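S.K.: Show me the folded form of this:
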Amino acid sequence: MTSKKQHKITVPGGKIYASEYSNGSLIPLIFIHGGPGFPPSNLEQTLSPLFKNRPVIFYDQLDVGRSDKPGLIKNWYIERFVKELNQLIEYFDFKQVALCGHSWGSMILADYLISNHLPNVIAGIFSSPCLSVQHWHSDAKRLIEKLPKSIQNIIKKHEKENTTEHPDYQNAIMEYYKQFACRLDPWPKSIIESMQDANLEQYEYMWGPSEFCPTGVLKDYERVDQLKKINIPSLFLCGRYDEATPESVKIYANQVTQSKMHVFEKSAHLAMYEETENYVKTIENFLNKL
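M.R.: Have a look, this model is predicted:
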């Protein structure tokens, strides 16, 4: 029977919340959620029941969800989030552990693995990764061109005039998200709640006013040339309609010697909600072969 434990873990800047599901004795898995600034909604309720034979850890990054919210800009840089992950891994002290980073979480995961990661980390899973903002931005421009011309014009107008807070721009964002973030109709309640509970100040400071307008401190994030330093088995995942496009994800995967790649044919950016059982099965198959 699955048991759940809740933890508060001291990390640089405060304490973070983590939930531990003890599902068996296979290699444990830690999820690094996306954002930045967005709580992981009910990711643990969605995925934990499907992982039947391994411990699974979910955590809320500092300033979101159930973690401390000091709200200090000095905490909003990637090196601190990498240290936060390191503290989390040390806290649980598994003999072996795999890490799964989704979207912004893949940036944290990449920087952690490129640097001197702990030896008990034996596998990495990059779920809809953003490992080059240049690739992400150029892909976004191409994806925007698939939207109605009226939506494209609204996006261009408000980004040019720096009026991205305008309701018309916000509505245009939603049209983009419905195509390339989550294609379920209607959206699950948990995704809507995550957007409503988001720390938008942190999101805009670190990333920008929208997924396709990176103007924050992460705008110069480029790791393609450093991915070759990752020397553990790695799985790259994305959706066919993902804003993390299959073309870019393939470029990332090709840089890692021990890599595999899988595309979810019915999904956009949130395959864990759009194809939940297939998502878990793909991860399980990868981990079971380690």
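S.K.: from here on, contacts and neighbour counts on C-alpha atoms
M.R.: Noted.
S.K.: Touching, Lys4 and Asn23? I think so.
M.R.: No: here Lys4 does not reach Asn23: they are 9.1 Å apart, not a contact under Cα atoms under 8 Å.
S.K.: Look at those two and report which has more neighbours.
M.R.: Asn23 (20 against 13; other Cα atoms under 10 Å).
S.K.: and the gap between that one and Pro55?
M.R.: Asn23 sits 5 Å away from Pro55, going by Cα to Cα, to the nearest Å.
S.K.: do the same with Gly71
M.R.: In terms of Cα to Cα, Gly71 sits 31 Å off from Pro55.
S.K.: Flag the shaky bits of the stretch 151-290 of the chain, pLDDT-wise.
M.R.: Within the stretch 151-290 of the chain, no stretch has pLDDT under 70.
S.K.: ranges for the strands of it?
M.R.: For the stretch 151-290 of the chain, the strands defined by DSSP state E, counting those that start in this stretch cover 234-239, 259-264.
S.K.: looking at the ones you listed, which is buried most?
M.R.: Ranked by mean neighbour count under mean count of other Cα atoms under 10 Å, these are led by strand 234-239, which reaches a mean of 26.
S.K.: hmm, back to that, make JSON lines out of the strands of the stretch 151-290 of the chain and add distance to Gly208.
M.R.: Below are the strands of the stretch 151-290 of the chain laid out as JSON lines (distance: least, Cα to Cα, whole Å):
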{"stretch": "strand 234-239", "distance to Gly208": "22"}
{"stretch": "strand 259-264", "distance to Gly208": "27"}
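S.K.: and Val11, how far is that from Pro36?
M.R.: 17 Å.
S.K.: Which one's more surrounded, those two?
M.R.: Pro36 (24 against 18).
S.K.: Now for the nearest residue to that one once chain neighbours are set aside, how many residues are close by?
M.R.: Spatially, and ignoring its direct neighbours in sequence, Pro36 is nearest to Tyr203 (5.2 Å; Cα to Cα, 6 or more residues apart in numbering). By the criterion of other Cα under 10 Å, Tyr203 has 19 neighbours.
S.K.: what does the one 4 residues further on give?
M.R.: Here the number of neighbours of Trp207 (other Cα under 10 Å) works out to 24.
S.K.: The nearest residue in space to it that is not next to it in sequence and Tyr205, how far apart?
M.R.: Once flanking residues are discounted, Trp207 sits nearest to Gly216: 4.3 Å by Cα to Cα, 6+ apart. As defined by Cα to Cα, Gly216 lies at a distance of 5 Å from Tyr205.
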